[in-house]
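K.L.:
Give me coordinates for this.
(chains A and B)
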Amino acid sequence: MTALTTRAAPNLELSSRERFARWRRRHRQPFEAWLILGPILAYYSFFFIFPVVANVFVSLTRWTGVYDRPIWVGLENYRKYLEPPYPLTLFNTLLFTVTILSISTALAFLIAVLLNEKVIGRGLYRAMWYIPTLTSAAITSQVMFAFISPYDGVFNAVLKALGQKIVIWTLRPGWMRTFVIGYSVWRGVGTPVVLFLAALQGIHPEIYEAAMVDGADYWRLLRYITVPLLRPMVIFVLITGTIAGFQIFETVMLITAGGQANVASTGGPHGMTNVMLLQIYKDAFVSSNLGRAAAGSVITAIILLWFTTTNMRIMSRGQVER
Amino acid sequence: MRRSLSLGRAVIYFILIFGSLGMSFPMLYGIVGSFCDFADFAARPWFPMPTKLYLENYTILFTPRFTSAVQTWLWIRNTLIRIIWYICITGTIAVLAGYVFARLEFRGRNTAFLYLLSSMMIPGIVFWIPTYVIMARWPGVGGNDWTGQGGKGLVDSWPALLITGWVNVYYIFLLRQTFYSIPLDFEEAARVDGASTLRVLKDVYLPMLKPTLTVLVIFQFVTFWNDYQWPLIVSSGNREIWTLALGFQKMLFVGASAKGLVGTAVIDYPFSFAMAVVATAPLIVLFMGLQSYFVEGVQGFALKG
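P.N.:
The predicted model follows:
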């Protein structure tokens, strides 16, 4: 009884402020953690989580313009995605993603393996491969029109100088797709080169030496040591590359814009290079069809989420096997 | 054996040199082309050669003669404001959150971290429309009443360019990993001397975080120097707040009209090259000066992420 009072007594004498200070000292870590995290999580919820949830609701409405009232239409926006032009935009997105990614991964692998040989001026080569990545996609893809313009572009000027017939590039879907792919590889290959080179330099030379003692030649070393050890990095490049590839937008918009400000006509000829994000952008900010655009972004997100999770599962399974 | 080896090296150098030149060709072409007038440019389209010192393309971009249209200095200033703002805000948040997740014990830590990570899986496109609506319907500003009706809200105004994207999960992740790599002893020593958390962060950790923060600074610099999509969506209507990438993208026809070719559909290619050079040169200088940090940053996202 006495012990209880003596222990409780100092607490009673303390002012509430002091008691708070004590509590704070005892719970310093959780207190500070939530003091810092609280505002960050609140901001994050408002600008990252709320938009994602809101987007799903918007996609279920017909909403023409920010100031109108959204009307509930259920899955109508999603049904519309089975009609033109949407299947073509999905096809083009897949086409671009697959071609750009496979070309740039293979190319980056080759260049990184070559750079990993003891070459003179490695830093310079690496810089030359990486610098295109730094350029502004908006500005350089627009400048690309200087080359492909059918009237006064460089390619046709060269053809004329060589005495060939000129090509109206902008009316040829195949050529326009090639230009988009070529430009994207040019601008995107630098990052995988740097990544593969870093991964290669992380491989211990002893591994190669041991294999060479066992009589392995260059190609065997490449096949049985380099490629397997680079696998995690290749998978990383493929996943991030797919996510980036699916979001191809301003490149297509500005290469096919032909220097015009008219966004509605981009993705040509006849929508043959139109991609999902460009169509979403057009739906939202040209046709003011926010519901349709939101449905498009939900579809894009679902495809990407499915892809990423599948890949990660495959990747982790591979690690368990090894 | 020796001969085949040196042959192999010759092939390596051949591929590397020509490949690298091929990668640089568009940029070399653009740099040279930007110093050409129409005649020089048209004379040798496969690789233009200026026959005289011709700087008109750059003069148009940088002189106030055409202020009504080309406001390069203003756009550079706007871009730099955004860069500095975003470096400060994402840097501060990343350091604080990185510290919290690496060093403090509290219930719900993993849940909170996963909550933050969850947005990494979601493509940026999903945020466009709702965030645009949030901007347009922001209550009480830009002619909006308290329900967010009536005006433009934050669209076409500065806050719209500064209010999004403060929390960057990549950098929080990167900072957390850096904190893990620093031994606890430094903090404990400072704590014994009675230092508060902010003091520990400022005096003990900040000097040691410098390499990681340099990576953050240069990647935020590149990102916001080139940022185009969000300014396009949210600030197209107000050229006073355009960023460099957006301003230049909209200026394609100005060159020809500034040179007196009014009313033609001619695009002044040498002028557009000059724009690309101006927009890219600072980043290349930055890259050349801090190449190792760029490499480290690119790897950081892959190896640690």
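
K.L.:
how long is stretch B:139-147 from one end to the other?
P.N.:
Counting by CA to CA, to the nearest Å, you get 6 Å between the two ends of stretch B:139-147.

K.L.:
for chain B, where's the lowest mean pLDDT among helices and strands?
P.N.:
helix B:254-258 (a mean of 69; mean pLDDT, DSSP states H and E).

K.L.:
Give the buried residues for the helix or strand following that one.
P.N.:
The C-terminal neighbour of helix B:254-258 among helices and strands, as given by DSSP states H and E, is helix B:269-289. Neighbour counts over helix B:269-289 (16 or more other CB atoms under 10 Å in any protein chain shown) mark B:269-280, B:282-283, B:286-287 as buried. In short, each C-beta sits where N, CA and C put it, glycine included.

K.L.:
Check whether helix B:269-289 comes near chain A.
P.N.:
Yes. Judged by CB under 8 Å from any CB of the partner chain, helix B:269-289 and chain A are in contact via B:269, B:272, B:273, B:275, B:276, B:279, B:280, B:283, B:284, B:287, B:288.

K.L.:
In this structure residue B:54 contacts residue B:36, no?
P.N.:
Yes. Using CB atoms under 8 Å, residue B:54 is in contact with residue B:36, at 6.4 Å.

K.L.:
of the two, who's got more company?
P.N.:
residue B:36 (24 against 18; other CB atoms under 10 Å in any protein chain shown).

K.L.:
Specify the local secondary structure of that one.
P.N.:
Of the three states, residue B:36 takes coil under DSSP: H, G, I helix; E, B strand; the rest coil.

K.L.:
I'd guessed it sits against residue B:47; true?
P.N.:
No. Using CB under 8 Å, residue B:36 makes no contact with residue B:47, being 10.6 Å away.

K.L.:
where exactly do the strands run in chain A?
P.N.:
A:61-62, A:71-72 (DSSP state E).

K.L.:
Tell me the strands beside the first one, with direction?
P.N.:
When you say that, I think you mean strand A:61-62. Sheet partners assigned to strand A:61-62 using DSSP bridges are listed as strand A:71-72 (antiparallel).

K.L.:
Show residues contacting the partner strand.
P.N.:
Here strand A:71-72 makes contact (CB atoms under 8 Å, 6 or more residues apart in numbering or on different chains) with A:60, A:61, A:62, A:63.

K.L.:
Repeat the analysis, applying 6 Å as the threshold.
P.N.:
A:61, A:62 (CB atoms under 6 Å, 6 or more residues apart in numbering or on different chains).

K.L.:
Give me the mean pLDDT for it.
P.N.:
The pLDDT scores in strand A:71-72 average 88.

K.L.:
Check stretch B:234-245 too.
P.N.:
Mean predicted confidence for stretch B:234-245 is 90.

K.L.:
And for stretch A:52-64?
P.N.:
Rounded mean pLDDT across stretch A:52-64 is 89.

K.L.:
ok so, going back, which residues are common contacts for residue B:54 and residue B:36?
P.N.:
In contact with both residue B:54 and residue B:36: no residue, using CB under 6 Å, 6+ apart.

K.L.:
So what does residue B:168 have for phi and psi?
P.N.:
Residue B:168 has phi and psi values of phi -110, psi 110 when expressed as degrees, to the nearest 10.

K.L.:
And it, how close does it get to residue B:185?
P.N.:
Per CB to CB, to the nearest Å, residue B:168 is found 30 Å from residue B:185.
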